[in-house]
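Chemist: Next input, structure requested:
(one chain, ligands or ions: 1)
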Amino acid sequence: MPRVDLALLRSAFAVVERRAEHTVTYFYAHLFHRNPRVRALFPADLAPQRDRLFAVLAEVVARFDDPGLPGYLGRLGRDHRRFLATPALYAAVGESLLAAFAQTAGAAWTVEAEKAWTEAYARITELMLRGAEESVREGEPPWWEADVVRHERYGGDLAVLTLRPRRPYRHRPGQYAGVASPRVPRAWRTYSLAAAPRPDGTVELHVSRVRGGATSTALVTATRPGDVLRLSAPGGGLVSRTPPGAPRTYIGAGTGWAPVKALLEEAAETDPGARGRVFAVARSRELLYGRADLERLAARLPGLRVTYIAAAPRHPRAQATERLLTALRSRGGWADHDVYLAGPPGLLAETAEVLAELGTDPARVRHDALPPVRRPAVRALSPAERLLLPPPARWHDPAARTHLALSDRA
Ligand SMILES: NC(=O)C1=CN([C@@H]2O[C@H](COP(=O)(O)OP(=O)(O)OC[C@H]3O[C@@H](n4cnc5c(N)ncnc54)[C@H](O)[C@@H]3O)[C@@H](O)[C@H]2O)C=CC1
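Modeler: Numbering: from 1, shown residues only. Modelled structure (predicted):
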C-alpha cells in the first residue's frame, strides 16, 4: 500500500468540509443516480445519515496516521455489516465520494489531491472490509433479531423495553447498541443497554421520544410485546475501569440513567465495597423513573451516596443541570474520582467542563460520544457560499446514464 500524502489529504478535505452540505447532497445524488438499487439500502430519511458520513470522514482524516486507526476502521467495518455493505458498495461509495469532492473542491482538487484521496479511500476500504471479514469468521451475525418481551411506559415520552435476542448476545455493562424497528426500515438509532448481562439473556433499553424522531416514537408509542427488533453488535467504551474500592461518581441524566444502571448492577456483583457518588438527574421528579431500581442497587452498594436532582415544577429542564453543577461544586475530592457520565450532549459538555475546573483529570471523565465521534461539520450554507455553488451537475442528464448500475455489476 503506497504512503498517502497526508498534507494533501487534509488540505483537500479542509476545502470540502467548508462546504459539507453541498458535498454530501452531491454525494448521495451521485451514488443513487449511478446505482439506483442502492437507494433501497438506506432509510427514507437521509438527514441523520448525512451528518454521520461527514463526522466519520473528519475522524478518519484527523487520525489517519494514528496507530489506533486500523482498530477504529476494523470496528466500523464490522459494524457496517448491518447496512449490508458489500465490496461492490464500498467501490460505488468511493467513486461517488471522489466525484463529490472533485465537484466541491474546485481548483483545490489537483491530480495530486485526487491521488492522495484515491489511495486513502483504498486503505479505508481495505481496513473496514478486513474487520467485516473477521466478524464473519467469528460467526457473528450482521445483526441480532430480538423479541420484545415487555414494554413499560413512563408518561407520554418514555418507555423501558425488555428484549430477548434470539442468539446469544454478549455485551459489557455500560455499552450501547444500534437498534432498528421494522416500523422505520433501515434506520438505526443508538441506545445504551440498561442492564448488566442477565442469566435469562434479556437486554433492556430506555427510550426517550425525540421530537420528530421516527424510531424513538415507534419504540415508545407503537412497539408491543411480540414485535421483533434488530440489535447491532454492542459498542462503546463507557465501561468500568475503576479498581475495586476506589472512588467513583456516576451521573445519569434522563435516559442517560440506562448505562449507569448497568454499571451499578455490575458493581453490586463485583465490587460491593465501591465508594463514591451517584447523581440521578431528570427534567422533572416524575421522570426520575429509575428511582426504585436505584434504591435497590444503593442498598447493595452502601459506600455510594445517591442524590436525586430534578427541575422544580414549571421550570425549564435545564434547571436540573444548574442544580447538578451546584451539587458537584459543593462536594470535594474530585481529583481522586473516576466519573461515568451519561445523558444529553449539552449536559455532558457542561458537566465535563465543571469537573475539569474542580480538579478531575479529563481523562478520568468517561462518556460516550453519541452518535457522531466528532461534531458533524454539516451546516447550512451561507448566502455567499450558495452564490458560489457550481452549476448543476451534468450527470443529472439521463442521456449520460451509460454506466452499469452497481447491482448489475455485483
Ligand atoms: N450513554 C449515554 O450517554 C446516553 C445518552 N443519552 C442521551 O440522553 C438524552 C436523554 O434524553 P431525555 O431522557 O429526554 O433527557 P432530557 O431531555 O429530559 O434531559 C435530562 C436532563 O439533562 C439536562 N439537559 C438536557 N438538555 C440539556 C442541554 N442542552 N444542556 C444542558 N443540560 C441539558 C437537563 O438537566 C435535563 O433535565 C438523549 O440526548 C440521549 O441521546 C441517553 C442514554 C444513554
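Chemist: can we go C-alpha only for contacts and neighbour counts from here?
Modeler: Will do.
Chemist: which non-adjacent residue is nearest Ser216?
Modeler: Nearest residue to Ser216, sequence neighbours excluded (Cα to Cα, 6 or more residues apart in numbering): Arg209, at 4.9 Å.
Chemist: So the one you found sits against Ala222, correct?
Modeler: No - contact between Arg209 and Ala222 fails when scored by Cα atoms under 8 Å: they sit 11.6 Å apart.
Chemist: Which of these two has more residues huddled nearby?
Modeler: When Arg209 is set against Ala222 and neighbours are counted by other Cα atoms under 10 Å, the residue ahead is Arg209, at 19 against 12.
Chemist: Run through the residues that contact the more buried one.
Modeler: Applying Cα atoms under 8 Å, 6 or more residues apart in numbering, one finds that Arg209 lies in contact with Asp157, Leu158, Ser216, Thr217, Val220.
Chemist: could those residues be laid out in CSV, adding distance to Ala122, secondary structure and pLDDT?
Modeler: Putting the contacts of Arg209 into CSV (distance: Cα to Cα, whole Å; DSSP: H, G, I helix; E, B strand; the rest coil; pLDDT from 0 to 100) gives the following:
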residue, distance to Ala122, secondary structure, pLDDT
Asp157, 44, coil, 94
Leu158, 43, strand, 96
Ser216, 36, helix, 96
Thr217, 39, helix, 97
Val220, 41, helix, 98
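Chemist: Quick check: of the residues you listed, which lies closest to Leu57?
Modeler: Checking the contacts of Arg209 against Leu57 by Cα to Cα gives Ser216 as the nearest, at 26.4 Å.
Chemist: Look at the closest one and say how many residues are nearby.
Modeler: 25.
Chemist: how far away is it from His22?
Modeler: 28 Å (Cα to Cα, to the nearest Å).
Chemist: and if you look at Thr307?
Modeler: Computed as Cα to Cα, the Thr307 to His22 distance reads 47 Å.
Chemist: of the two, who's got more company?
Modeler: Neighbours per residue, other Cα under 10 Å: of Thr307 and His22, the larger number sits with His22, 23 against 13.
Chemist: Look at the more buried one and give its secondary structure.
Modeler: Put simply, His22 is helix when judged by DSSP: H, G, I helix; E, B strand; the rest coil.
Chemist: which residue packs closest to it, ignoring adjacent ones?
Modeler: Thr104 (7.3 Å).
Chemist: okay but that neighbour is in contact with Thr23, surely?
Modeler: Yes - at 6.0 Å, Thr104 counts as touching Thr23 under the criterion of Cα under 8 Å.
Chemist: From the contact counts, what lies against the longest strand seen in the chain?
Modeler: Among all segments of the chain classified by DSSP state E, the strand with the greatest residue count is strand 144-154. Contact partners of strand 144-154 among helices and strands, from 3 or more Cα pairs under 8 Å, 6 or more residues apart in numbering; DSSP states H and E: strand 158-165, strand 228-231.
Chemist: Mean neighbour count and distance to Phe54 for those - can I get that in JSON lines?
Modeler: Putting the helices and strands packed on strand 144-154 into JSON lines (neighbours: other Cα atoms under 10 Å; distance: least, Cα to Cα, whole Å) gives the following:
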{"stretch": "strand 158-165", "mean neighbour count": "22", "distance to Phe54": "30"}
{"stretch": "strand 228-231", "mean neighbour count": "22", "distance to Phe54": "24"}
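Chemist: Name the residue of the stretch 51-200 of the chain that lies nearest to the ligand.
Modeler: Ranking the residues of the stretch 51-200 of the chain by distance to the ligand (Cα to the nearest ligand atom) places Ser192 first, at 4.9 Å.
Chemist: Is that residue in contact with Gly174, as I believe?
Modeler: Yes - in this structure, Ser192 sits in contact with Gly174. The criterion is Cα under 8 Å, and the distance is 6.9 Å.
Chemist: overlap in contacts of these two?
Modeler: Counting by Cα under 8 Å, 6+ apart, the common neighbours of Ser192 and Gly174 are Pro259.
Chemist: Neighbours of the spatially closest residue to Pro141 that is not a sequence neighbour, how many?
Modeler: Nearest in space to Pro141, with sequence neighbours left out and distances taken as Cα to Cα, 6+ apart, is Ser135 at 7.9 Å. Neighbour count for Ser135, taken as other Cα under 10 Å: 19.
Chemist: Same check on His337?
Modeler: The criterion is other Cα under 10 Å. On that basis, His337 has 22 neighbouring residues.
Chemist: Likewise for Glu112?
Modeler: Applying other Cα under 10 Å, we find 14 residues neighbouring Glu112.
Chemist: picking up where we left off before, quick check: neighbours shared by Thr104 and Thr23?
Modeler: Any residue near both Thr104 and Thr23 by Cα under 8 Å, 6+ apart counts here, and that gives Val16.
Chemist: Which of the residues in the longest helix along the chain are classified as buried?
Modeler: The helix of greatest length in the chain, counted in residues with DSSP state H as the criterion, is given as helix 111-137. Using 16 or more other Cα atoms under 10 Å as the burial criterion, the residues of helix 111-137 that qualify are 113-121, 123-133, 135.
Chemist: Stretch 27-42 too?
Modeler: Phe27, Tyr28, Ala29, His30, Leu31, Phe32, His33, Arg34, Asn35, Val38.
Chemist: Alpha carbons only: can I get that stretch in CSV?
Modeler: The C-alpha coordinates for stretch 27-42 follow below in CSV (Å, rounded to 0.1, in the frame of the first residue of the first chain):
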residue,chain,number,x,y,z
PHE,A,27,-22.5,12.5,-3.0
TYR,A,28,-25.9,10.9,-2.3
ALA,A,29,-27.4,12.2,-5.6
HIS,A,30,-24.4,10.8,-7.5
LEU,A,31,-24.5,7.5,-5.7
PHE,A,32,-28.2,6.8,-6.2
HIS,A,33,-28.2,8.1,-9.7
ARG,A,34,-25.4,5.7,-10.7
ASN,A,35,-26.6,2.8,-8.6
PRO,A,36,-30.4,3.2,-8.3
ARG,A,37,-30.9,-0.1,-6.4
VAL,A,38,-28.5,1.1,-3.6
ARG,A,39,-31.2,3.6,-2.5
ALA,A,40,-33.2,0.7,-1.0
LEU,A,41,-30.3,0.0,1.4
PHE,A,42,-30.7,3.5,3.0
